[in-house]
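Undergrad: whatever this is, show me its structure:
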Amino acid sequence: MVSRTFEAGLRGASPLGRGQLSYSLGLYRTKVSDDIYGVATSLSAGFFTNIPGTLREGGEADARWQGDRLTLWASYAYVAATF
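TA: Okay, the predicted model is just below:
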């Protein structure tokens, strides 16, 4: 199995109101060749097989605000896998 990944992103922080806002954003793309895939033949049995390749691409974003007595955060991740 061989994978090749490209990833890019940014992160930063700045004051906002009475607190600090920090954020990050990342994007990635991974191509895998000769991937190993599990195939279920029943609930308790199966086998592994090689498939020519898969592609996984997606991104992640998060933001966090931290004040003296309160912290708020949100994050999101997305991945699209293609066989």
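Undergrad: just give me the neighbour total for Pro26.
TA: Actually, residue 26 is Gly. It isn't Pro. Other residues within reach of Gly26, judged by other C-beta atoms under 10 Å, total 15. From N, CA and C alone the C-beta is placed, and that goes for glycine too.
Undergrad: check Gly38 too.
TA: 8.
Undergrad: now do the host helix or strand of it: which elements does it pack against?
TA: Using DSSP states H and E, Gly38 sits in strand 19-40. Under the contact criterion of 3 or more C-beta pairs under 8 Å, 6 or more residues apart in numbering; DSSP states H and E, strand 19-40 touches strand 2-16, strand 46-66.
Undergrad: report the distance from the last one to the chain centre.
TA: I take that to be strand 46-66. Its chain's average C-alpha position is 6 Å from that of strand 46-66, according to C-alpha atoms, centre = their mean, to the nearest Å.
Undergrad: pull up the pairing partners for it, direction included.
TA: strand 19-40 (antiparallel), strand 71-82 (antiparallel) (DSSP bridges).
Undergrad: could you tell me the angle between it and strand 2-16?
TA: Inter-element angle recorded for strand 46-66 and strand 2-16: 20 degrees (by axes from the mean of the first three to the mean of the last three C-alpha atoms, to 10 degrees).
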